[in-house]
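Asks: Structure of the sequence below:
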Amino acid sequence: MSNSKADQNDPLDPREEGSTLSEESLQELRRDVVHDTGYKKPPKHTQFKKGQSGNPKGRPRKDDFGPGADRSASKLLLQEADRSITLTDASGSTESTAIEAVARKQYLTAMKGNPLAQKHVIERYDLAERDRRQSIAEEIKIWRLYCDRTRKEIADAKAKGETPPDPLPHPDDIVLDLDKGVQFLGPLLPEHVDAIEEACRTRDLLILQDELDRRLAEDTDVDDPLDGPGAALLFACSLDNWVPLRWRLSDGAMASAMMRARKLTKRQLLKTVYQGWRALGRQVPRGETFGSVRDGRLALKLSYKFVRGIKDGDFDNSTTEDIAEVLMDIFEEDGVRVDRDSAVA
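Replies: Numbering: from 1, shown residues only. Just a heads-up that it's a prediction; the model follows:
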């Protein structure tokens, strides 16, 4: 048991009897997570951008060295550390701050075996890691209180027979990880909830669409199961994996939904599916099918490739021809023969 004064008197420690989270603190927490601010995370618009000097106009010599100027070493060091410089290596030129360049050089020197550099890097890393873990511990402590409070509000409402509140973020969507910190696996704003609920309605409709596709293809013979219907079910499973855990269907729930679809007549399926797509704002013709398993797999590959590429910045400087080549590679990986010259043209 720790005997430190901080452990004994910390009013936010959940272990302390009677520790609570005020309504004001609760709202501030929600604002922090929505705007990605909080402990050591100032608002994005006030943060320095990577490679951009904290003093873009340069050091104002008159102010620094004139009468009454602040000549402290700390101020000068911070100004120089934030100064933007250009680094050139075999891979080209990159913008960096002076302190980033020094840190990089220190690590390179340490990796070459310099004992003094190695000692300095290890000591600095130890301090930085200790600070990171302290920051995570403080963040987790606050959010544990949030989870305790919101879970109690939900439980109290259920005990009274009332509709339980649906706080954002929901406590079931919050992961308290001692290594990675607080993570949010669910919606943070009402519009996020709307998007997830629409995805769930689309998923449920795709399960019905899959059954309709199979009914409409009953008289069609295919040699390869991949050429049979199944794209709609692939899309349904993909959407189910995309939504947060609270909204996902268990294996049993997915099987039950498929069984309910099988009990409907073809006429009922045609009507329900057609009306369902119209309700979602999609003009899908009556009796339209979603293609084969092979078609669905290819469509998902293309989607994942583009989403990942956009997220990683792979297409930032890509030309139309570059993107077309990526498409051709995916088609050929799936056994689809393409004329590259015609496609790029």
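
Asks: how near is residue 126 to residue 119?
Replies: Relative to residue 119, residue 126 is positioned 11 Å away (Cβ to Cβ, to the nearest Å). For every residue, glycine as well, the C-beta is placed using N, CA and C.

Asks: likewise residue 141?
Replies: Distance from residue 141 to residue 119, by Cβ to Cβ: 33 Å.

Asks: Who has more neighbours out of those two?
Replies: residue 141 (16 against 11; other Cβ atoms under 10 Å).

Asks: how about that one, phi and psi?
Replies: Backbone geometry at residue 141, expressed as degrees, to the nearest 10, gives phi -60, psi -40.

Asks: could you pull out the helices for the stretch 1-150 of the chain?
Replies: Ranges of helices in the stretch 1-150 of the chain, per DSSP state H, counting those that start in this stretch, are 5-9, 23-34, 61-65, 73-81, 98-111, 115-159.

Asks: what's the average pLDDT for the third one?
Replies: By that I understand helix 61-65. Mean per-residue pLDDT for helix 61-65: 46.

Asks: Residue numbering should commence at 57 henceforth.
Replies: In the new count, where the first residue is 57, that last one comes out as helix 117-121.

Asks: what's the neighbour count on the closest residue to residue 304 other than its chain neighbours?
Replies: In space, and not counting its chain neighbours, residue 304 is closest to residue 296: 5.4 Å by Cβ to Cβ, 6 or more residues apart in numbering. Residues lying near residue 296 (other Cβ under 10 Å) number 19.

Asks: what's stretch 172-181 in contact with?
Replies: Contacts of stretch 172-181 with the rest of the structure, by Cβ atoms under 8 Å, 6 or more residues apart in numbering, involve 162, 163, 165, 166.

Asks: Where does pLDDT dip in the stretch 257-401 of the chain?
Replies: 371, 374, 379-380, 382-384, 386-401 (pLDDT under 70).

Asks: all strands for it, in order.
Replies: Using DSSP state E, counting those that start in this stretch, no strands are assigned anywhere in the stretch 257-401 of the chain.

Asks: about what we covered before: from the contacts of stretch 172-181, which is closest to residue 204?
Replies: Distance to residue 204, by Cβ to Cβ, is smallest for residue 163 among the contacts of stretch 172-181, at 41.8 Å.

Asks: Residue 253 versus that closest one, what's the distance?
Replies: For residue 163 relative to residue 253 (Cβ to Cβ), the value is 48 Å.

Asks: try residue 370
Replies: Applying Cβ to Cβ to residue 370 and residue 253 gives a distance of 31 Å.

Asks: same thing with residue 270?
Replies: 27 Å.

Asks: of the two, who's got more company?
Replies: The neighbour comparison of residue 270 against residue 253 (other Cβ under 10 Å) goes to residue 270, with 18 against 13.

Asks: nearest residue to that one other than its sequence neighbours?
Replies: Leaving aside its sequence neighbours, residue 270 sits nearest to residue 285 (Cβ to Cβ, 6+ apart; 5.0 Å).

Asks: Tell me how far the one you found lies from residue 296.
Replies: Applying Cβ to Cβ, the value for residue 285 to residue 296 is 19 Å.

Asks: could the helices of the stretch 57-206 of the chain be laid out in TSV, adding distance to residue 353?
Replies: Shown next, in TSV, are the helices of the stretch 57-206 of the chain (distance: least, Cβ to Cβ, whole Å):
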stretch	distance to residue 353
helix 61-65	55
helix 79-90	36
helix 117-121	64
helix 129-137	51
helix 154-167	43
helix 171-215	39
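
Asks: of all those helices, which lies closest to residue 143?
Replies: helix 154-167 (5.9 Å).

Asks: In that closest one, which residues are buried?
Replies: 154, 156, 157, 162, 166 (16 or more other Cβ atoms under 10 Å).

Asks: for stretch 222-233, same thing?
Replies: By neighbour count on 16+ other Cβ under 10 Å, the buried set for stretch 222-233 is 223, 224, 225, 226, 227, 229, 230.

Asks: just checking, the fourth one touches residue 206?
Replies: Okay, so that is residue 226. Yes. Counting by Cβ atoms under 8 Å, residue 226 touches residue 206, with 7.5 Å between them.

Asks: So what touches stretch 308-322?
Replies: Counting by Cβ under 8 Å, 6+ apart, 260, 263, 264, 266, 267, 268, 271, 272, 296, 305, 325, 328 sit against stretch 308-322.

Asks: State the pair within these that is farthest apart.
Replies: The widest separation within the contacts of stretch 308-322 (Cβ to Cβ) is 24.2 Å, between 272 and 305.

Asks: Which parts of the stretch 207-356 of the chain are helices?
Replies: 246-272, 287-298, 307-318, 322-335, 349-368.

Asks: Let me know which of these is the nearest to residue 131.
Replies: Nearest of those (Cβ to Cβ): helix 349-368, 38.8 Å.

Asks: For the closest one, name the packing helices and strands.
Replies: helix 287-298, helix 376-389 (3 or more Cβ pairs under 8 Å, 6 or more residues apart in numbering; DSSP states H and E).

Asks: What are the buried residues along it?
Replies: 349, 350, 351, 352, 354, 355, 362.

Asks: Count residues in the vicinity of the nearest residue to the first one once chain neighbours are set aside, would you?
Replies: Same thing as residue 349. Using Cβ to Cβ, 6+ apart and skipping residues adjacent in sequence, the residue nearest residue 349 is residue 286, 3.7 Å away. Residues near residue 286, counting by other Cβ under 10 Å, number 22.
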